[in-house]
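Asks: Whatever this is, show me its structure:
(4 chains)
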Number of protein chains: 2
Amino acid sequence: MRTSVVTIKPNGYFCTDCAVRGFAVCSSLDAAELRAFEHLGRRVHFATGETVFSEEDITTSFYNLLEGVMRLYKLLPDGRRQIVGFALPGDFLGMNISGRHNFSGDAIGAVTVCQFAKAPFGRFIEDRPHLLRRINEMTIRELSQARDHMVLLGRRSADEKVATFLLGWRERLFSLEGLSNTVPLPMSRQDIADYLGLTIETVSRTFTKLERHGAIEILHGGISLRDPARVEALAAA
Amino acid sequence: MRTSVVTIKPNGYFCTDCAVRGFAVCSSLDAAELRAFEHLGRRVHFATGETVFSEEDITTSFYNLLEGVMRLYKLLPDGRRQIVGFALPGDFLGMNISGRHNFSGDAIGAVTVCQFAKAPFGRFIEDRPHLLRRINEMTIRELSQARDHMVLLGRRSADEKVATFLLGWRERLFSLEGLSNTVPLPMSRQDIADYLGLTIETVSRTFTKLERHGAIEILHGGISLRDPARVEALAAA
DNA sequence: AAAGCCGATTGACCCAGATCAATTTTGGCG
DNA sequence: CGCCAAAATTGATCTGGGTCAATCGGCTTT
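Replies: Have a look, this model is predicted:
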């Protein structure tokens, strides 16, 4: 038996084995393209709290989130913060037209990203309209989520915001780890408050109230939906 | 002199003469493509208050706004409304991935749109990646605006919201009708309130307050920026 | 020009959620 | 362990903006 010739990728990973292969941008690439694509990205790790990219920074890279959770946010000059979304594995980050990131992203817990230099990535896309179509599709989905979130921020009460957040977060985790009434919340209460346009105290009080009414149970690092129907009723209102 | 052969478009318009030719989606098409494109769209008029498309309706058409202003909004079951944006000439509407519109759009004043049936438009795009790129670019710009608006809705005071709105609206009109301190406001106070996540009374009171302080002057159908620097200071805060 | 209507403004009062201020709980770390 | 710092909870109080209720004013209709 002869020794097989194996290509070893510099950073030791293959796209074919990638955890997000099936649902990230790269799901639009066939096996041959994937081999070319493989040389474009490199895995990079970030520790808890580290910033992956900053608002107003010139965009030099795009990122494909592989592991962990990120908070994406914008700051006002006086320090007020609005979290515009949480990123989960499979999310593609960094697209913009101004040449600068229009929000910051940092790691909630340990994070692994697949980092692409902007120029080579742009060249790779150039003659692969199916990849562009995939990116456009993901952008349109994000835009739809952004509009839903505008409704939440502009027109919903604190109770409705919290209930909607819990159900929406559970729904997003569904595709990654299956449906469960136990919902892990890796982000802090402050993060949740800044996502919902509330203060940390209001978020805390609302959680406590929901627990008192038997709708949820507060766990370490998450919550459990004791009465999903009741939470849904609150969110629907 | 022989009689010249002239192609007459069924609805009597040519894309080459179109008011939004230079900055709408079609700006990515060359002269030859434009002639093919011309047969896809038809001009449709809507009167004040008419609905162009409704949330949850199956998407059968895309729209290129040619004349007028539209309000784009989502409703909660109990009637609360969040306006997610105002559309101006050149805006492209109707893209989604669910197959249904995810917001409603109706005419503020008289509106003219260029309507495209979804399927033929999709086929036209198929082998024209530059058009797809143009659409993607417009989507990314919208997403960036959506995120800015989330910050406004979640973290800004009523004064800041109103000041930011006036400047932002002036800025958007800039490219269409030049920079001016007189800002037409074709939408109602209720529309502004539903865009900013406020009530009509708060919008009205804030306008009055800005006028008392000499920052603006309230006109019929608009406002005039008397002290742009002061309004900018309020918005920046 | 009087009547009627609808959008906008103004005033009086109220309350959801913010702010301020302690605790209490949790999570490292020597 | 026990100590410290950070996060979360809870309580007391305040207030920005909402709610409710009159007007006001500009347009249309006759």
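Asks: Next, the contact list for residue A:219, please.
Replies: Neighbour list for residue A:219: residue A:182 [criterion: Cβ atoms under 8 Å, 6 or more residues apart in numbering or on different chains]. In short, each C-beta sits where N, CA and C put it, glycine included.
Asks: go again using 10 Å as the cut-off
Replies: The neighbours of residue A:219, taking Cβ atoms under 10 Å, 6 or more residues apart in numbering or on different chains as the test, are A:182, A:183, A:184, A:185.
Asks: What pLDDT is listed against it?
Replies: Here the pLDDT value assigned to residue A:219 is 96.
Asks: On the strand side of things, show who it bridges to.
Replies: Taking DSSP bridges as the rule, residue A:219 bridges to residue A:222.
Asks: For it, give its distance to chain B.
Replies: Separation of residue A:219 from chain B (Cβ to the nearest Cβ, to the nearest Å) stands at 27 Å.
Asks: Residue A:151 too?
Replies: For residue A:151, the distance to chain B - Cβ to the nearest Cβ - is 4 Å.
Asks: Where does that residue sit, in terms of helix or strand?
Replies: Using DSSP states H and E, residue A:151 sits in helix A:129-155.
Asks: Same question for residue A:186.
Replies: Following DSSP H and E, there is no helix or strand that holds residue A:186.
Asks: Need phi/psi at it.
Replies: Dihedral pair for residue A:186: phi -70, psi -20, per degrees, to the nearest 10.
Asks: do the one 3 residues further on as well
Replies: Taking degrees, to the nearest 10, you get phi -60, psi -40 for the backbone angles of residue A:189.
Asks: buried sites along the helix holding residue A:151?
Replies: Of all the residues in helix A:129-155, those buried under the rule 16 or more other Cβ atoms under 10 Å in any protein chain shown are A:129, A:131-140, A:142-155.
Asks: still on that earlier bit, most neighbours of all the contacts of residue A:219, which one?
Replies: Counting neighbours by other Cβ atoms under 10 Å in any protein chain shown, the top entry in these is residue A:185, with 20 neighbours.
Asks: what's the spacing between the lowest-mean-pLDDT helix or strand in chain A and its chain's center?
Replies: Least confident element among the helices and strands of chain A, by mean pLDDT, DSSP states H and E: helix A:31-38 (a mean of 90). Here the centre of helix A:31-38 is set off from its chain's centre by 24 Å, with Cα atoms, centre = their mean, to the nearest Å.
Asks: Contacts for that helix, please.
Replies: Contacts for helix A:31-38 (Cβ under 10 Å, 6+ apart): A:7, A:9-11, A:13-16, A:18, A:21, A:25-26, A:29, A:114, A:116, A:121, A:124, A:128, A:130-131.
Asks: how does it look with 6 Å?
Replies: Contact with helix A:31-38 is made by A:15, A:29, as judged by Cβ atoms under 6 Å, 6 or more residues apart in numbering or on different chains.
Asks: Among the contacts of residue A:219, which pair sits farthest apart?
Replies: A:182 and A:185 (10.4 Å; Cβ to Cβ).
Asks: Now the most centrally placed residue in chain A: closest residue in space that isn't a chain neighbour?
Replies: The centroid of chain A falls nearest to residue A:87 when counting by Cα atoms, centre = their mean (1.0 Å). Spatial nearest neighbour of residue A:87, excluding adjacent residues (Cβ to Cβ, 6 or more residues apart in numbering or on different chains): residue A:70 at 4.1 Å.
Asks: Check which helix or strand that neighbour maps to.
Replies: Per DSSP H and E: residue A:70 is located in strand A:61-75.
Asks: near chain B, which residues of chain A show up?
Replies: Residues of chain A lying near chain B by Cβ under 6 Å from any Cβ of the partner chain: A:74, A:80, A:82, A:84, A:95, A:97, A:102, A:129, A:132, A:136-137, A:139-144, A:146-147, A:150-151, A:153-155, A:197.
Asks: For the helix or strand encompassing residue A:194, name the packing helices and strands.
Replies: Using DSSP H and E, residue A:194 maps to helix A:189-196. Under the contact definition 3 or more Cβ pairs under 6 Å, 6 or more residues apart in numbering or on different chains; DSSP states H and E, helix A:189-196 sits against strand A:81-87, helix A:200-212.
Asks: what about the last one and DNA strand C, touching?
Replies: Yes: contact between helix A:200-212 and DNA strand C is present through A:201, A:202 (criterion: Cβ under 7 Å from any atom of the strand).
Asks: Off-centre distance for that helix?
Replies: Distance, centroid of helix A:200-212 to centroid of chain: 25 Å (Cα atoms, centre = their mean).
Asks: and what of stretch A:60-78?
Replies: Put simply, stretch A:60-78 sits 8 Å off its chain's centre (Cα atoms, centre = their mean).
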